[in-house]
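Participant: compute the structure for the input listed below.
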Amino acid sequence: MIRVLLADDHGLVRDGLARLLGSVSDIEVVGAASNGEEAIVLAEEHRPDVILMDLRMPDIDGSEATRRLLQNDPATQVVILTSFSERDEILTALDAGAIGYLLKDAEPDELIRGIRAAAQGESPLAPKAARELLGSRGPAPANQLSDREREVLQLVTRGLSNKLIARELGISEKTVKAHLTTVFQRIGVTDRVQAAMWARDHHIA
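Facilitator: You can find the predicted model right below:
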């Protein structure tokens with residue numbers, strides 16, 4: 001059974017999600033928070049496997065709540081569920097440690113698959129969010145990588161593992177993995193060796 005905590009400042013959204021997920025045999029909703037601070041408290045109380053986290057909430061927003069949650073329990077898988085698909089919003093959430101990024105206009109099946117994927121340590125990413133991150137014109141030039149993507153790529157070039165990169169940058173391993181997935185797709189490579197060669201060719205190493 002996948003234990004899920006909901007965090008959204010709109011009661012109708014929380015109720016709708018609770019009804020939807022309550023009908024799924026392998027998912028149990030263990031709590032519902034109306035803001036980031038409440039999500040942190042409920043997560044400590046219930047120890048959910050997956051947290052569906054709204055991005056824009058009063059007081060503590062979703063990205064900051066995610067950062068604090070993962071400091072308390074690095075094993076928690078946070079999936080952002082929001083209406084916003086701007087590149088900066090996505091990168092901020094991933095940088096905070098979110099394992100996935102889904103949109104509220106997703107079909108129910110897509111949301112359920114995303115929860116199951118996150119529970120397995122995979123990174124569900126809404127197609128619209130993926131397009132925003134990756135662009136639509138093939139491999140991106142070096143100056144279109146974010147500062148954090150460049151830092152991760154530089155450390156890959158130095159031969160560091162995901163664990164060591166996470167330690168070096170003060171972020172989680174799953175955040176490193178999410179950045180690498182994005183970088184590989186943006187620059188058109190499939191593994192770390194190709195990425196390191198690309199970085200050297202583009203004077204990033």
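
Participant: and stretch 155-171, how far from the chain's centre?
Facilitator: 18 Å (C-alpha atoms, centre = their mean, to the nearest Å).

Participant: buried ones in that stretch?
Facilitator: Buried residues in stretch 155-171, counting neighbours by 16 or more other C-beta atoms under 10 Å, are found at Leu155, Val156, Thr157, Leu160, Asn162, Ile165, Ala166, Leu169, Ile171. No exception for glycine: its C-beta is placed from N, CA and C like everyone else's.

Participant: same deal with stretch 40-59?
Facilitator: Using 16+ other C-beta under 10 Å as the test for burial, stretch 40-59 gives 40, 42-43, 46, 48-55, 57.

Participant: helices or strands next to the least confident helix or strand in the chain by mean pLDDT in the packing?
Facilitator: Using mean pLDDT, DSSP states H and E, the weakest-scoring helix or strand in the chain turns out to be helix 127-134, at a mean of 76. With contacts taken as 3 or more C-beta pairs under 8 Å, 6 or more residues apart in numbering; DSSP states H and E, helix 127-134 sits against helix 87-96, strand 100-103, helix 173-187.

Participant: flag the shaky bits of the protein, pLDDT-wise.
Facilitator: Applying pLDDT under 70 to the chain flags residues 133-143, 205.

Participant: go again with 80.
Facilitator: Low-confidence segments of the chain (pLDDT under 80): 130-144, 188, 205.

Participant: farthest pair within the buried residues of stretch 155-171?
Facilitator: The span of the buried residues of stretch 155-171, defined through C-beta to C-beta, is set by Thr157 and Ile171 at 17.7 Å.

Participant: is it true that Leu21 touches Ala32?
Facilitator: No - in this structure Leu21 lies outside contact range of Ala32 using C-beta atoms under 8 Å: 10.4 Å.

Participant: take the helices and strands packed on helix 127-134 and write them to CSV, including mean neighbour count and distance to Asp61.
Facilitator: Putting the helices and strands packed on helix 127-134 into CSV (neighbours: other C-beta atoms under 10 Å; distance: least, C-beta to C-beta, whole Å) gives the following:
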stretch, mean neighbour count, distance to Asp61
helix 87-96, 21, 9
strand 100-103, 24, 14
helix 173-187, 21, 17
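
Participant: tell me which of the ones you listed sits nearest to Gly62.
Facilitator: Smallest distance to Gly62 across the helices and strands packed on helix 127-134 (C-beta to C-beta): 6.8 Å, for helix 87-96.

Participant: start and end of stretch 29-40, how far apart?
Facilitator: Taking C-alpha to C-alpha, to the nearest Å, stretch 29-40 runs 16 Å from one end to the other.

Participant: circling back to that earlier point, need the helices and strands packed on helix 127-134 in JSON lines (columns: distance to Ser123).
Facilitator: Below are these laid out as JSON lines (distance: least, C-beta to C-beta, whole Å):
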{"stretch": "helix 87-96", "distance to Ser123": "9"}
{"stretch": "strand 100-103", "distance to Ser123": "5"}
{"stretch": "helix 173-187", "distance to Ser123": "5"}
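
Participant: name the strands paired with the helix or strand encompassing Val78 and say parallel or antiparallel.
Facilitator: In this assignment (DSSP states H and E), Val78 forms part of strand 77-82. Strand partners for strand 77-82, identified by DSSP bridges, are recorded as strand 50-53 (parallel), strand 100-103 (parallel).

Participant: all set now, cheers.
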